[in-house]
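Colleague: my questions concern the predicted model and sequence given below.
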Amino acid sequence: MLGIVNIGHVAIKVTDLDRSLDFYRDRLGFPEMLRLKHDNGETWLVYLRITDEQYLEIFPGAENDRAPGWNANGVNHMCFTIEDLDGTTERIKAAGIALTSEIKPGLDGNRQAWIEDPDGNRIELMEMAPDCLQLQAIRRLHAERA
C-alpha cells in the first residue's frame, strides 16, 4: 500500500455552508474541528470530525445546485459505518432527515439505508454483518500475510 494507512478526509463542495453545517454538524452530530479562512476573512473550508483520524471537509461555493447523478464520473457516494442501524435511522428521522432508501439487505450481506445531504450527495449508512463479504475478505488477507 505504499505507506498509506487510512483515508484522512473526504472533501465536498456545497452551495450553502450554513445549510450543510446544519445537516452534518447539527443533525448528524459531526463536531466542527476547525475553519480555515481566506485573507479576506471568508471561510475557505470547515473540518468536521467523523473519527479522530477521519474528517469531512466542507467547501462553500459549489457551482451546481445538486451533486452529479448516480452514473456520473467521480465520487458516487460516501458510506458511514453504523453499529445500530435501526436506532440510527430512527434518530436521523427524528432530526428531520428523510431516508431516500429504507433499511434493506445489501448484496454484500450488510444492512443499509440511504440519505442525501442538502446538495444531493448520496450517503450510505451501513451496518456490517458479522460474516459479511468485507470481513471475510479482511480475514482472508490477514491469513495470506501470516
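Modeller: Nice, thanks for sending it over.
Colleague: can we go C-alpha only for contacts and neighbour counts from here?
Modeller: Will do.
Colleague: all helices for this protein, in order.
Modeller: With DSSP state H applied, the chain shows helices at 17-21, 85-94, 133-145, listed in chain order.
Colleague: can you put those helices in TSV and add distance to N71 and mean pLDDT?
Modeller: Putting the helices of the chain into TSV (distance: least, CA to CA, whole Å; pLDDT from 0 to 100) gives the following:
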stretch	distance to N71	mean pLDDT
helix 17-21	23	98
helix 85-94	26	98
helix 133-145	24	91
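Colleague: between those, which gets nearest to V75?
Modeller: Evaluated over the helices of the chain, closeness to V75 peaks at helix 17-21, with 18.1 Å, by CA to CA.
Colleague: mind showing which ranges of the protein have poor pLDDT?
Modeller: Low-confidence segments of the chain (pLDDT under 70): 1.
Colleague: how is it carved up into domains?
Modeller: The chain breaks down into these structural domains: 7-63, 77-146 (assignment by automatic domain parsing).
Colleague: can you lay out these as a markdown table showing mean neighbour count?
Modeller: Compiled in a markdown table, the domains of the chain are given as follows (neighbours: other CA atoms under 10 Å):
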| stretch | mean neighbour count |
| --- | --- |
| domain 7-63 | 15 |
| domain 77-146 | 15 |
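Colleague: how about the ones you listed in CSV, adding distance to G69?
Modeller: Conversion of the domains of the chain to CSV gives the following (distance: least, CA to CA, whole Å):
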stretch, distance to G69
domain 7-63, 15
domain 77-146, 9
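Colleague: contacting residues around the residue nearest to the spatial centre of the chain?
Modeller: Central residue of the chain (CA atoms, centre = their mean): M78, 4.3 Å from the mean position. With contacts defined as CA atoms under 8 Å, 6 or more residues apart in numbering, M78 is in contact with R122, I123, E124.
Colleague: looking at the residues you listed, spot the one nearest E144.
Modeller: For E144, the closest of these turns out to be E124, at 30.0 Å, with distances computed as CA to CA.
Colleague: alright, calling it a day.
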